[in-house]
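J.: Dropping the sequence and predicted coords here.
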Number of protein chains: 2
Amino acid sequence: MTDVALAFDLGGTELRAAMVSSAGEILSFLSVPTMAKEGPAAVLGQMEKLAAEILLRSPGMAPIGIGVGAPGPLDPLSGIVIAPPTLTGWHEVPLLALLSERLGLPAKLENDANAAAIGEWRHGAGRGATSVAFVTVSTGIGGGIVADGRILHGRRGLAGEIGHMTITSHGDRCFCGAIGCFEAVASGTALGKRATADTRPFDGSKLRALSADGDVTGRHVVEAARAGDPQALELLSVEAHWLGVGFTNLLHLYSPDIIVMGGGISNGFDLLESGIRATVEERAMSAYRSVPIVAAELGRHAGLVGAASLILHGDGGPALAPDPSRNSGAESPADLKEARHG
Amino acid sequence: MTDVALAFDLGGTELRAAMVSSAGEILSFLSVPTMAKEGPAAVLGQMEKLAAEILLRSPGMAPIGIGVGAPGPLDPLSGIVIAPPTLTGWHEVPLLALLSERLGLPAKLENDANAAAIGEWRHGAGRGATSVAFVTVSTGIGGGIVADGRILHGRRGLAGEIGHMTITSHGDRCFCGAIGCFEAVASGTALGKRATADTRPFDGSKLRALSADGDVTGRHVVEAARAGDPQALELLSVEAHWLGVGFTNLLHLYSPDIIVMGGGISNGFDLLESGIRATVEERAMSAYRSVPIVAAELGRHAGLVGAASLILHGDGGPALAPDPSRNSGAESPADLKEARHG
């Protein structure tokens, strides 16, 4: 029997859990709305319950460990979630120690973008590469870098914060306070803002029709462009330019074998691709120009598959094993050992 | 006896060789003007001669291998120098195979910026760190990145090309063809250009006095600023701003434990430091703001010390061992085996 791992993708909106095989298959899957405003104890309770349910649905399967993707900033080496803006009351939470103790299994942690990067590298669009730059373009821009066969951590696991790389001197101030962040000019939010500024409610435009005359989002732009709307196509051409500038930087800085683009805006990758490539051709030094730039393949499951891969392929930092002396007397609402053998 | 290695720093102007101890000491040193216009065979001949002389000057020392720093682009894994602009006629030269065969020792290769980064990491300003961003600011801007305890290579060893990271939409076109490269706004050349544009021959300025009323260089600006010249101090303040913008990107992208600045302009590091820090404080996300930014310590020997470290500390990619079947019959102008035992 092939090894399996229990994987969590802890988001500010949704908490997902899955049993994942070493081939990257999702064998069972559950999700609940994250109790993001209730603090860490409530969310840990949710994770325990989900784990128990997943195990009950996976008879005969004994996961060899738990892989977790969670919002950054977090320290994958110590297993501490530092202070994610989307989870209220989380401040330096030793999530790995808590989970490993409660569930009685070795556990590993990565930030969500790194987990998705590992998923796409092991089982998605980055298969077979040694170095992968994974970029997720949606509300913000995040990234995870596989460099020379392993995830790039840096100090406190904070490498790959590519959304806050300065690429221009223009544009709206980023929420981080700086001007010219990649995220501030190329995220789905930035695309939506430009589309909203380009149109007016009830102006009869395709974009405002799709947004019911409210603010236009990046997704509306992709949808309108797909229907051939010239205004939306022009907006995507500007979007592709900025993505190309940022991606060129990633080529020069990390020299990946491939750039993989995920996130909501990657639904429009086919419409953006030629513009991105034209900008890279224009700006990248010749040795970097031929590097493939492709859309992600695993969609919303990339983070779960990557989290499982931490356990199943030994990716990321060292695992935290449960402390038997502490675990022996722990009362767990979910009796995992029993469930695992049921 | 401690291990020693033979190190080369192959530059477009100067070819340096040294015997280096595992503690990073230069035990003997020689340099010659590089026969950069004569092609690879001439330079290889120079390297053989230097090796023989260094060995003659180091009685009783038997180097365990040869470490080489050479101008990029080069592929450290295959040991091939791809096409350095400063060496005429070098195109896909298998330098490692040639050197290893001729000198009968295992050999390793890194580009010069990576070699200097390893030198500063092992024995200089980056001692004890796990991740180091080394930036050399002189005619251009180069870099070498130590990430999670090893040099970052990426595809074909081309990672860390930080001089061609886009950080603005303004300024002169870079020699690479793009606008807004870090190098185009923050190199010593860019600083000199701004100083030259700010002054006129015979205008009585301190800067033109130092340049004998010719073009002003970055070094003149540092010298004038050190003497308290207000115009030069203002130019350095602009320089520090651009360095701060680029360094902030390096923090977000690589999350190093420390940034080490080398190159000619680092002679003015004490004058630039507060301006660099102010920009980083303003632009970096809070988790990155406390990272130390310091001047390099090893000066022009960083590359030699780092090249030796490839052998002595196992840094960089795998070593290329000489092929005994080919070497046995090789006629070498320098009889190294004899020299080594002399």
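T.: Structure received.
J.: Given the helix or strand encompassing A:Arg16, what are its sheet partners and their directions?
T.: According to DSSP states H and E, A:Arg16 maps onto strand A:14-21. The strands beside strand A:14-21 in its sheet (DSSP bridges) come out as strand A:4-10 (antiparallel), strand A:26-33 (antiparallel).
J.: What lies in contact with it?
T.: Identification of contacts with strand A:14-21 by Cβ atoms under 8 Å, 6 or more residues apart in numbering or on different chains yields A:2-9, A:26-34, A:43, A:46-47, A:50-51, A:53-55, A:57-58, A:61, A:63, A:301, A:303-305, A:307-308, A:312. Where C-beta positions appear, they are placed from N, C-alpha and C, glycine not excepted.
J.: List the buried residues in it.
T.: Neighbour counts over strand A:14-21 (16 or more other Cβ atoms under 10 Å in any protein chain shown) mark A:15-21 as buried.
J.: and that strand, average pLDDT?
T.: For strand A:14-21, the mean per-residue pLDDT is 97.
J.: Then stretch A:94-110?
T.: Mean predicted confidence for stretch A:94-110 is 94.
J.: Ok, stretch A:209-228 next?
T.: On average, stretch A:209-228 scores 97.
J.: Alpha carbons only: can I get it in PDB?
T.: Provided in PDB are the C-alpha atoms of stretch A:209-228 (Å, rounded to 0.1, in the frame of the first residue of the first chain):
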ATOM      1  CA  ALA A 209     -22.800  45.000 -17.300                       C
ATOM      2  CA  LEU A 210     -20.800  42.100 -15.800                       C
ATOM      3  CA  SER A 211     -20.400  43.900 -12.500                       C
ATOM      4  CA  ALA A 212     -24.000  44.900 -12.300                       C
ATOM      5  CA  ASP A 213     -22.700  48.500 -12.500                       C
ATOM      6  CA  GLY A 214     -20.800  48.100  -9.300                       C
ATOM      7  CA  ASP A 215     -17.000  48.000  -9.000                       C
ATOM      8  CA  VAL A 216     -15.300  45.900 -11.600                       C
ATOM      9  CA  THR A 217     -13.100  43.000 -10.500                       C
ATOM     10  CA  GLY A 218     -10.200  41.300 -12.100                       C
ATOM     11  CA  ARG A 219     -12.500  38.300 -12.900                       C
ATOM     12  CA  HIS A 220     -15.000  40.500 -14.700                       C
ATOM     13  CA  VAL A 221     -12.100  41.800 -16.900                       C
ATOM     14  CA  VAL A 222     -11.100  38.200 -17.800                       C
ATOM     15  CA  GLU A 223     -14.700  37.300 -18.500                       C
ATOM     16  CA  ALA A 224     -15.300  40.400 -20.700                       C
ATOM     17  CA  ALA A 225     -12.000  39.900 -22.500                       C
ATOM     18  CA  ARG A 226     -12.900  36.300 -23.200                       C
ATOM     19  CA  ALA A 227     -16.100  37.600 -24.900                       C
ATOM     20  CA  GLY A 228     -13.900  39.800 -27.100                       C
END
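J.: In that stretch, which residues are buried?
T.: For stretch A:209-228, the neighbour count (16+ other Cβ under 10 Å) marks A:210-211, A:213, A:216-225 as buried.
J.: cool, stretch A:139-149 as well?
T.: A:139-148.
J.: quick one: the strands in chain A?
T.: A:4-10, A:14-21, A:26-33, A:66-70, A:74-75, A:80-81, A:107-111, A:132-137, A:141-147, A:150-151, A:258-262, A:293-295 (DSSP state E).
J.: rank these by mean pLDDT and give me the bottom one.
T.: Mean pLDDT is lowest for strand A:74-75 out of the strands of chain A, coming in at a mean of 90.
J.: What count of nearby residues applies to whichever residue of the stretch 201-342 of chain A sits closest to chain B?
T.: Nearest residue of the stretch 201-342 of chain A to chain B, counting by Cβ to the nearest Cβ: A:Ser255, 2.8 Å away. Neighbourhood size, A:Ser255 [other Cβ atoms under 10 Å in any protein chain shown]: 24.
J.: could you point out the longest helix in chain A?
T.: Scanning chain A for the helix with the most residues, using DSSP state H, yields helix A:230-254.
J.: buried sites along that helix?
T.: A:231-233, A:235-236, A:238-254.
J.: Could you do stretch A:81-94 as well?
T.: Buried, per 16+ other Cβ under 10 Å, within stretch A:81-94: A:81-84, A:87-88, A:90, A:93-94.
J.: And for stretch A:177-190?
T.: So stretch A:177-190, judged by 16+ other Cβ under 10 Å, has buried residues A:178, A:180-190.
J.: Kindly identify which of those residues also come near chain B.
T.: A:178, A:180 (Cβ under 8 Å from any Cβ of the partner chain).
J.: separation between the residue nearest in space to the middle of chain A and B:Val4?
T.: Nearest to the geometric centre of chain A sits A:Ala113, at 3.3 Å (Cα atoms, centre = their mean). Per Cβ to Cβ, to the nearest Å, A:Ala113 is found 44 Å from B:Val4.
J.: A:Thr166 now?
T.: Counting by Cβ to Cβ, the gap from A:Thr166 to B:Val4 is 44 Å.
J.: And A:Ser290, by the same measure?
T.: 41 Å.
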